[in-house]
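J.: let's see this in three dimensions:
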Amino acid sequence: MIAEDATLTHRELDERANRLAHHLVSLGAGPGSLVGLSVERGSAMAVGLLGILRAGAAYVPLDPGFPADRLAYMLADSGARIVVAQSAVRDRLPAGDGLRVVDLDAEREAIDRLPATAPRTGVTAGNTAYVIYTSGSTGEPKGVAVEHRNVRHILTAWEERYGLAELKPRFLSVSSLSVDLFFADLIRSVPFGGALIIASKDVTTEPSALLDLIAGTSATGLEIVPSLLNAVLQEVDRRGGAFPPLRLISVGSEAWRVEDCRALLRRIRHDCVVVNAYGGTEATVDSTVFVPTEESLRGRVYVPIGRPLPNTRVYVLDRHGNLVPPGVPGEIWIGGDGVARGYHGRAELPSGSWTAPSCRATGCTAPVTGRVCWPRGTWSSWAAPTTR
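T.: Just a heads-up that it's a prediction; the model follows:
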């Protein structure tokens, strides 16, 4: 793992996470419990996240840059009684009775004396791995509870799709801890023998610094939004050099214009895999991918979202839950092993509310794995059946 404040080998990262896990277990963390994580960009993001998971608990990202009232709401709603933090951000956390803040800086010596091997926790595939809060753009933020089985699903799907074990990607992360893409960058790299490269805050939005970091760390993988990618391409043109020799570029989170996609395709090396990825927190990061080519982009304005990943089903339905014909707009519904448990602590919004008008509409008789279907809330149309 490479960050501005530290460079850690796989062993060092593993041991630091394990020691933190032992400390958290001693404080009562374990399967079924939620632990907040509020740290600045750097090595503590990876150490803290992995330490919480090694303790068997689920992590709840609490971005120290969020307003105080949002942090207070997330802490109260999640019920987390332990927060892993740093001295620099501790005063940004709301005061609360019974809240235990684990200060990675102040408690470093005590944590370093703990065992370097992982504690035994009894965590299972059905336990929660993380709870990430939505933006709240349509109301109060809701915590999406993603289980370990969901994580295993997306990890397996990515390996099958991209060959990560062979690629061993050195993934450069510009994503915030508060969204699932940071976790995605970590698990697409470190478990496969690659490296996680954490860009500092001032680099994440600066194309020139980003290009320098890619070159200086020999990064081979990148998750990026189209707007930032366009700025990076413009900087490459300004410098008059070649585009970085990346091997995997995953573009997402925004609509991607075909003309901008073509600009990228003209510059990449022949063995670079470019995908337009689509999904949502409720369906564990990615649900569909599209591999653009000059031929497949012909006659289009925006890059399609593609086809489902393995063990994922996607339907386009009308307001009554019926399949729409090709070319007719409808709402995207996602089903399969990636669909999360539901919204944490929301009895009025159970995972069952995501169920199966789509399956009834299609006459689907296949066994449902996971929590049937989730209404993505995005309107689209399909050119051909997209399930498999």
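J.: stretch 305-325: end-to-end distance?
T.: Terminal residues of stretch 305-325 lie 17 Å apart, using CA to CA, to the nearest Å.
J.: so which bits of it are buried?
T.: The neighbour-count check on stretch 305-325 (16 or more other CB atoms under 10 Å) flags 305-317, 321, 323-324 as buried. (Glycine included, C-beta is placed from N, CA and C.)
J.: near residue 32, how many other residues are there?
T.: When neighbours are defined as other CB atoms under 10 Å, residue 32 has 11 of them.
J.: contact partners for it?
T.: 57, 127-128 (CB atoms under 8 Å, 6 or more residues apart in numbering).
J.: hang on, the earlier thing: can you list which of the buried residues of stretch 305-325 are found in strands?
T.: Secondary structure from DSSP state E places 307-308, 312-317 of those in strands.
J.: what does stretch 126-142 contact?
T.: With CB under 8 Å, 6+ apart, stretch 126-142 has contacts from 31-32, 34, 53, 56, 58-61, 70, 73-74, 77-78, 143-151, 178-180, 183, 281, 341, 343-344, 346, 349.
J.: mind doing that once more with 6 Å?
T.: 31, 34, 58-60, 74, 78, 143-148, 151, 180, 281, 343-344 (CB atoms under 6 Å, 6 or more residues apart in numbering).
J.: what are the ranges of the helices in the protein?
T.: Shown for the chain, the helices assigned by DSSP state H span residues 10-26, 43-54, 68-78, 108-112, 148-162, 164-167, 180-187, 207-217, 226-239, 258-265, 294-297, 357-362.
J.: from the buried residues of stretch 305-325, which is closest to residue 198?
T.: Nearest to residue 198 among these, counting by CB to CB, is residue 309 at 25.5 Å.
J.: please name the nearest non-neighbouring residue to that closest one.
T.: residue 157 (4.1 Å; CB to CB, 6 or more residues apart in numbering).
J.: and if you look at residue 155?
T.: residue 187 (5.7 Å).
J.: again, but for residue 189
T.: residue 171 (3.9 Å).
J.: for that neighbour, give its distance to residue 221.
T.: From residue 171 across to residue 221, the span is 4 Å (CB to CB, to the nearest Å).
J.: residue 55 too?
T.: From residue 55 to residue 221 the distance is 28 Å (CB to CB).
J.: higher neighbour count, those two?
T.: residue 55 (31 against 26).
J.: so that one sits against residue 22, correct?
T.: No: shown here, residue 55 and residue 22 do not form a contact pair, counting by CB atoms under 6 Å, at 7.9 Å.
J.: what's the local residue count around residue 40?
T.: For residue 40, using other CB under 10 Å, the count is 18.
J.: do residue 103 as well
T.: 16.
J.: so what's it bridging to?
T.: As for beta bridges, residue 103 partners with residue 85 under DSSP bridges.
J.: against residue 110, how distant is it?
T.: According to CB to CB, residue 103 and residue 110 sit 10 Å apart.
J.: OK, contacts around residue 57?
T.: 29, 33, 35.
J.: mind doing that once more with 7 Å?
T.: 24, 29-30, 33-35 (CB atoms under 7 Å, 6 or more residues apart in numbering).
J.: and what of residue 19?
T.: Residues near residue 19 by CB under 7 Å, 6+ apart: 111-112, 114-116.
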